[in-house]
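Chemist: what shape does this take:
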Amino acid sequence: MKKLFIIIVFFISFQSLTKADAINDFEIEGITIGDSVFDHFNQKKINNANEDTYKNGTFISKTFSSKDSKLYEYIQLSYKKLDKKKIIHGITGVIRFKDNLDSCLEEMKSIDKGLSEMFPNSKRTDWGKYKMASGNGFYYPITFDFKDESSAMVSCQDFNDSSNIDNNLKVSIFTAEFSLFLEQEN
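Modeler: Here you go, the predicted model:
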């Protein structure tokens, strides 16, 4: 039942994007690239959100619990560290699949199909199984690259039991600038 609900909500959320050529109008939980983090969260919530920093230090990512969410349990927003307006360059929705990689991969295939239909002019790449740089497990990314070099991705993360992190599904969108930054970070 949860799977059917996720699929229905996912497709309703993106019904206006049929045959999109870029991520500009793509929303995750009503948040789009180019919004300000302040459009969705106040300073206190931003300060209290979990923070991921990168080696280079140009960008920062904040992870918010999404209790009022229709679909995702967590939302991660990425923006330039020194940007006072906190303009969003990356958005990721996260759904946990505790000890259930098979269900995560099944859901990923359904979302991949939907994204493939929405983004027929993008370059789709199924990267298969990759070892996480952290050594905490494996991930299975499928990316959609656009002419303007922005990108979308759906992936499952399969964490080792010792990491104490639940397996999860991620749906992400990134500006061209943030996509390039992530490539250089990895």
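Chemist: now do the contacts for the closest residue to residue 24 other than its chain neighbours.
Modeler: Nearest residue to residue 24, sequence neighbours excluded (Cβ to Cβ, 6 or more residues apart in numbering): residue 33, at 6.5 Å. For every residue, glycine as well, the C-beta is placed using N, CA and C. Contacts for residue 33 (Cβ atoms under 8 Å, 6 or more residues apart in numbering) come out as 23-24, 26, 88-91, 150, 173-175.
Chemist: could I get the average pLDDT for the longest helix seen in the chain?
Modeler: Assignment by DSSP state H gives helix 101-118 as the longest helix of the chain. Average pLDDT, helix 101-118: 94.
Chemist: check which helices and strands it sits against.
Modeler: Counting contacts by 3 or more Cβ pairs under 8 Å, 6 or more residues apart in numbering; DSSP states H and E, helix 101-118 is packed against helix 2-13, strand 123-126, strand 137-145, strand 151-159, strand 168-174.
Chemist: do you know which of those lies nearest residue 103?
Modeler: Comparing these by their distance to residue 103 (Cβ to Cβ), the top pick is helix 2-13, with 7.1 Å.
Chemist: next SSE after the closest one?
Modeler: Following helix 2-13 in sequence order, the next helix or strand is strand 27-28 (DSSP states H and E).
Chemist: ok now that following strand, how far from the chain's centre?
Modeler: Distance, stretch centre to chain centre, for strand 27-28: 9 Å (Cα atoms, centre = their mean, to the nearest Å).
Chemist: shaky segments in the protein?
Modeler: The model of the chain has pLDDT under 70 over residues 1-22.
Chemist: what bridges to residue 32?
Modeler: Counting by DSSP bridges, residue 32 is bridged to residue 27.
Chemist: neighbours around it, how many?
Modeler: Neighbour count of residue 32, defined by other Cβ atoms under 10 Å: 15.
Chemist: that one touches residue 24, doesn't it?
Modeler: Yes. Counting by Cβ atoms under 8 Å, residue 24 is a contact partner of residue 32 at 7.4 Å.
Chemist: pipe the contacts of residue 33 into a markdown table and attach neighbour count and distance to residue 137 per row.
Modeler: Listed next are these as a markdown table, based on neighbours: other Cβ atoms under 10 Å; distance: Cβ to Cβ, whole Å:
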| residue | neighbour count | distance to residue 137 |
| --- | --- | --- |
| 23 | 26 | 27 |
| 24 | 15 | 33 |
| 26 | 22 | 27 |
| 88 | 23 | 27 |
| 89 | 25 | 26 |
| 90 | 22 | 22 |
| 91 | 26 | 23 |
| 150 | 23 | 27 |
| 173 | 27 | 23 |
| 174 | 23 | 22 |
| 175 | 22 | 27 |
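Chemist: between those residues, which sits nearest residue 129?
Modeler: Of all the contacts of residue 33, residue 129 sits closest to residue 174, with 21.6 Å by Cβ to Cβ.
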